[in-house]
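> Sequence unavailable; structure follows:
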């Protein structure tokens with residue numbers, strides 16, 4: 001993975017084409033108005049059939065098929081000739097409408113795919129269930145099981161970690177192994193360089209455990225990563241968890257997300273206190289991908305406590321952080337967060353990052369600067385790149401909380417937003433991050449007080465640093481190559 005800024009985007013939401021030209025339109029955007037900006041490549045969020053399912057592509061009916069409204073695998077391969085591409089492999093589940101599960105509903109135990117799907121009866125009898133089920137970690141409320149009716153009228157109870165339409169698969173079953181290996185082959189054949197391993201933390205179930213990131217899960221991820229590497233691909237693991245767990249996870253994988261960084265940057269900008277941010281940056285994994293926003297919400301579990309173990313910042317400050325997001329967004333994030341908005345991830349706040357900062361251009365550029373100067377490879381979400389605002393219309397239409405930060409852009413909108421001063425400043429910052437050699441060198445953290453932070457990179461005779469001090473309202477980016485970076489949006 002190149003140490004350069006990457007774009008994260010849905011094909012159909014940054015390029016509104018429904019005539020099979022979505023991928024080609026995205027290529028046009030990347031090669032024209034966005035030319036030379038995202039030199040690190042592009043993370044394509046699910047482009048499989050269907051892109052408009054129950055979970056925005058994360059419940060694939062056919063993981064091997066590009067949604068025809070977007071294009072074909074040939075279009076993906078063509079795009080990969082000019083950009084390093086990352087794609088999602090969803091290892092934990094498939095759609096209840098997949099051909100495999102429909103075959104199970106039709107043929108029951110006689111189906112060749114019957115053992116591909118995890119069932120209540122695979123683990124429990126009626127005597128030991130409740131106590132063991134209570135141990136299972138689940139990011140969403142309710143039971144991890146769903147009753148399904150076979151075509152003959154009989155019923156079965158299936159494991160569904162996420163929604164009732166996302167059927168958990170047995171990744172150790174021969175069908176499961178063949179299925180996942182076929183996806184690796186398909187990705188490699190069509191030029192993808194990296195894989196985002198989605199929902200991997202839940203892939204292995206073992207009674208008597210939490211069924212989340214257990215020892216056997218690490219073994220599965222390690223085995224899967226080795227298979228990817230033999231095909232010339234790297235693996236990024238997507239896991240929200242306690243910050244110390246993330247450090248341990250990072251030791252065993254290629255790359256992890258730094259999900260603690262986004263809420264800590266907000267906390268710093270809200271309070272003027274840099275202690276939480278500094279304590280994390282000192283110990284954060286160096287083999288990480290940094291983000292401020294993604295297709296999901298702003299997580300708080302990543303900086304919070306775990307049982308009796310303390311979080312990076314105290315519980316009360318986390319509560320204040322969440323309330324501050326709601327206040328800065330004029331209450332819009334509150335409407336998109338929680339069960340009332342069909343938000344299934346109760347540890348996430350749904351809001352654009354720009355709105356979480358009250359649409360303050362200076363704070364937004366400072367937030368991006370901290371991201372780019374923190375250890376790791378930066379990714380920028382398409383809405384965040386355009387300093388997007390909360391899409392209340394889409395939220396009202398779908399009643400899905402995360403859609404507040406999943407706007408559908410027309411090309412005209414993109415061209416207009418590229419003229420916004422804050423977007424021009426962000427592009428300037430991206431170009432600086434991509435071109436300065438010091439970011440390939442040694443990282444150092446310094447500070448004069450709990451209100452200041454200095455993030456510095458050095459390589460041979462090159463150096464650059466970000467200085468932030470809330471006591472005197474100082475924000476400056478300097479380097480050995482040029483005058484301090486200037487911005488025009490504030």
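Yep, it's here. Just so you know, these numbers come straight off a predicted model, no measurement behind them. Numbers count the residues shown, from 1 in each chain.
> the helices in the stretch 301-450 of the chain, which residues?
For the stretch 301-450 of the chain, the helices defined by DSSP state H, counting those that start in this stretch cover 315-328, 332-336, 353-356, 361-373, 382-385, 392-398, 411-417, 421-435.
> Please apply the same query to the stretch 51-200 of the chain.
73-80, 99-107, 129-133, 174-189.
> Out of the ones you listed, which gets nearest to residue 418?
helix 73-80 (20.6 Å; C-beta to C-beta). For glycine as for every other residue, the C-beta is placed from the backbone atoms N, C-alpha and C.
> closest to residue 277 out of the helices of the stretch 301-450 of the chain?
helix 361-373 (7.4 Å).
> same for the closest one, what does it pack against?
Contact partners of helix 361-373 among helices and strands, from 3 or more C-beta pairs under 8 Å, 6 or more residues apart in numbering; DSSP states H and E: helix 261-271, helix 353-356, strand 377-381, helix 421-435, strand 452-459, strand 462-469, strand 474-479.
> so what does the third one touch, helix or strand wise?
Spelled out, it's strand 377-381. So strand 377-381, by 3+ C-beta pairs under 8 Å, 6+ apart, packs with strand 6-9, strand 288-290, helix 361-373, helix 421-435.
> export the helices and strands packed on helix 361-373 to TSV and tack on distance to residue 218 and mean pLDDT?
Listed next are those as TSV, based on distance: least, C-beta to C-beta, whole Å; pLDDT from 0 to 100:
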stretch	distance to residue 218	mean pLDDT
helix 261-271	23	98
helix 353-356	31	98
strand 377-381	22	98
helix 421-435	32	98
strand 452-459	31	98
strand 462-469	35	97
strand 474-479	39	97
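> could you dump these to CSV with mean neighbour count?
Below are the helices and strands packed on helix 361-373 laid out as CSV (neighbours: other C-beta atoms under 10 Å):
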stretch, mean neighbour count
helix 261-271, 24
helix 353-356, 26
strand 377-381, 24
helix 421-435, 18
strand 452-459, 19
strand 462-469, 20
strand 474-479, 16
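> Can you add distance to residue 28 and give those back as JSON lines?
Shown next, in JSON lines, are the helices and strands packed on helix 361-373 (distance: least, C-beta to C-beta, whole Å):
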{"stretch": "helix 261-271", "distance to residue 28": "30"}
{"stretch": "helix 353-356", "distance to residue 28": "25"}
{"stretch": "strand 377-381", "distance to residue 28": "19"}
{"stretch": "helix 421-435", "distance to residue 28": "18"}
{"stretch": "strand 452-459", "distance to residue 28": "34"}
{"stretch": "strand 462-469", "distance to residue 28": "33"}
{"stretch": "strand 474-479", "distance to residue 28": "32"}
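> Now do the phi/psi pair for residue 41.
Main-chain dihedrals, residue 41, degrees, to the nearest 10: phi 110, psi -170.
> if I read this right, it contacts residue 5, doesn't it?
No. Assessed by C-beta atoms under 8 Å, residue 41 is found out of contact with residue 5, at 9.3 Å.
> per-residue pLDDT, the closest residue to residue 103 other than its chain neighbours?
Sequence neighbours aside, residue 111 is the residue nearest to residue 103 in space, at 4.7 Å (criterion: C-beta to C-beta, 6 or more residues apart in numbering). Note on residue 111: pLDDT of 97.
> Correct me if wrong: residue 111 contacts residue 99.
No. Using C-beta under 8 Å, residue 111 is not in contact with residue 99, being 10.7 Å away.
> Between the two, tell me which one has more neighbours.
Each of residue 111 and residue 99 has its neighbours counted (other C-beta atoms under 10 Å); residue 111 has more, 18 against 11.
> Now that one. Its backbone dihedrals?
Residue torsions, per degrees, to the nearest 10, at residue 111 are phi -70, psi 140.
> Quick one: the helices of the stretch 51-200 of the chain as JSON lines, columns for distance to residue 214 and mean pLDDT too.
Output for the helices of the stretch 51-200 of the chain, formatted as JSON lines (distance: least, C-beta to C-beta, whole Å; pLDDT from 0 to 100):
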{"stretch": "helix 73-80", "distance to residue 214": "34", "mean pLDDT": "97"}
{"stretch": "helix 99-107", "distance to residue 214": "25", "mean pLDDT": "97"}
{"stretch": "helix 129-133", "distance to residue 214": "14", "mean pLDDT": "84"}
{"stretch": "helix 174-189", "distance to residue 214": "17", "mean pLDDT": "96"}
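> which one of the ones you listed lies closest to residue 306?
Closest to residue 306 of the helices of the stretch 51-200 of the chain is helix 129-133 (C-beta to C-beta; 20.6 Å).
> In the closest one, which residues are buried?
Within helix 129-133, the residues that count as buried by 16 or more other C-beta atoms under 10 Å are residue 133.
> Lowest mean pLDDT among the helices and strands, pick that one out for the chain.
helix 129-133 (a mean of 84; mean pLDDT, DSSP states H and E).
> any idea how far that helix is from the chain center?
31 Å (C-alpha atoms, centre = their mean, to the nearest Å).
> Also stretch 363-381?
Worked out by C-alpha atoms, centre = their mean, stretch 363-381 lies 15 Å from the chain centre.
> okay if I get the helices of the stretch 301-450 of the chain as JSON lines plus distance to residue 275?
Listed next are these as JSON lines, based on distance: least, C-beta to C-beta, whole Å:
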{"stretch": "helix 315-328", "distance to residue 275": "10"}
{"stretch": "helix 332-336", "distance to residue 275": "25"}
{"stretch": "helix 353-356", "distance to residue 275": "20"}
{"stretch": "helix 361-373", "distance to residue 275": "14"}
{"stretch": "helix 382-385", "distance to residue 275": "26"}
{"stretch": "helix 392-398", "distance to residue 275": "35"}
{"stretch": "helix 411-417", "distance to residue 275": "35"}
{"stretch": "helix 421-435", "distance to residue 275": "25"}
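> Out of those, the one nearest residue 180 is which?
helix 382-385 (27.8 Å).
> Tell me the gap between the closest one and the middle of its chain.
Here the centre of helix 382-385 is set off from its chain's centre by 13 Å, with C-alpha atoms, centre = their mean.
> Tell me the helices and strands packed up against that helix.
Judged by 3+ C-beta pairs under 8 Å, 6+ apart, helix 382-385 is in contact with strand 6-9.
> Can you identify the element that follows the strand it packs on toward the C-terminus?
Next along the chain after strand 6-9, taking DSSP states H and E as the criterion, comes helix 11-14.
> thinking again about what came up before, of all the helices of the stretch 301-450 of the chain, which one is nearest residue 59?
helix 392-398 (14.9 Å).
> Can you point out the buried residues in the closest one?
394, 395, 398.
> cool, and stretch 103-111?
103, 104, 105, 111.
> Could you provide the helices of the stretch 51-200 of the chain in JSON lines, with additional columns for distance to residue 231?
Supplementary listing: the helices of the stretch 51-200 of the chain in JSON lines, determined by distance: least, C-beta to C-beta, whole Å:
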{"stretch": "helix 73-80", "distance to residue 231": "14"}
{"stretch": "helix 99-107", "distance to residue 231": "23"}
{"stretch": "helix 129-133", "distance to residue 231": "37"}
{"stretch": "helix 174-189", "distance to residue 231": "4"}
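> quick one: low-confidence ranges for this structure?
18, 126-128, 339-346 (pLDDT under 70).
> Give me the domain ranges for this structure.
6-90+172-440, 99-168 (automatic domain parsing).
> So for the protein, the centremost residue is which one?
residue 294 (5.0 Å; C-alpha atoms, centre = their mean).
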